[in-house]
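Asker: test case, fold it:
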Amino acid sequence: MISLRQRIVWASLLGSAALASSGAFAQAPAATPSTAAPTAATAPADGTAAPKAQHKRMDPAQRMERMKEHRAKRMAALKDKLKLTSAQEGAWTSFTESRQPPAGARPQRMDRAEFAKLTTPQRLERMQARQAERSAMFAKRAEATKTFYAALTPEQQKTFDAETAKFGGHGHRGHRGHGGHEGHHGAAPAKS
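Answerer: A predicted model of the protein is given here:
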């Protein structure tokens, strides 16, 4: 996978080569095709600088499994950094259970065609109901987080604050550290 930095470097190199070759053409209008060859040589042979036109979308079940694994690793790392005592284990268990997605499958979104058939007031009611569900889930998680936080020592609280601040504040979707997608992970109370 090519990082954003590598893409920028390749784009800069290709842009520089294009400008250099166009400048050469401007100075020597009767240039032969051999002057264009250096620009083609700057592009990678395997085509890695090209955008991922054939990017396959991950299966939702695989995606959910990856998210669960990532969440488990993140929570295990947090637990290690907090250095919890045996007396704090119960609070940790309650906290981590509150972080889990609701039991059962997530309610399926309504098909776009079906949603389009609804009247505007019906669509607004659907959206308001979903928002109420999310608000109730957030309130439950926030309360569990506050309870766990109160069970921590001041030093553990500092660690918890520092570690959970990395998650941003805009829900749990997104790709932390993938060029410009920062801030898509939920803050400690909102993250799942």
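Asker: so Leu82 sits against Lys158, correct?
Answerer: No. Checked against CB atoms under 8 Å, the pair Leu82 and Lys158 is beyond contact range at 10.3 Å. C-betas here are computed from N, CA, C, even on glycine.
Asker: show me what the longest helix anywhere in the chain is packed against.
Answerer: Using DSSP state H to define each element, the chain has its longest helix at helix 120-150. On a contact count with 3 or more CB pairs under 8 Å, 6 or more residues apart in numbering; DSSP states H and E, helix 120-150 meets helix 89-99.
Asker: which neighbouring elements make contact with the helix it packs on?
Answerer: Going by 3+ CB pairs under 8 Å, 6+ apart, helix 89-99 lies up against helix 60-82, helix 120-150.
Asker: show me what the first one is packed up against.
Answerer: Helix 60-82 makes packing contacts with helix 89-99, helix 154-164 when contacts are defined by 3+ CB pairs under 8 Å, 6+ apart.
Asker: for those, which one ends up most surrounded?
Answerer: Per-stretch averages of neighbours, counted by mean count of other CB atoms under 10 Å, single out helix 89-99 among the helices and strands packed on helix 60-82, with a mean of 15.
Asker: where does the record place the domain boundaries for the chain?
Answerer: What automatic domain parsing lists as the domains of the chain is 4-42, 60-72+85-98+108-177+186-192.
Asker: lowest average confidence across these, which one?
Answerer: When the domains of the chain are compared on mean pLDDT, domain 4-42 scores lowest, with a mean of 56.
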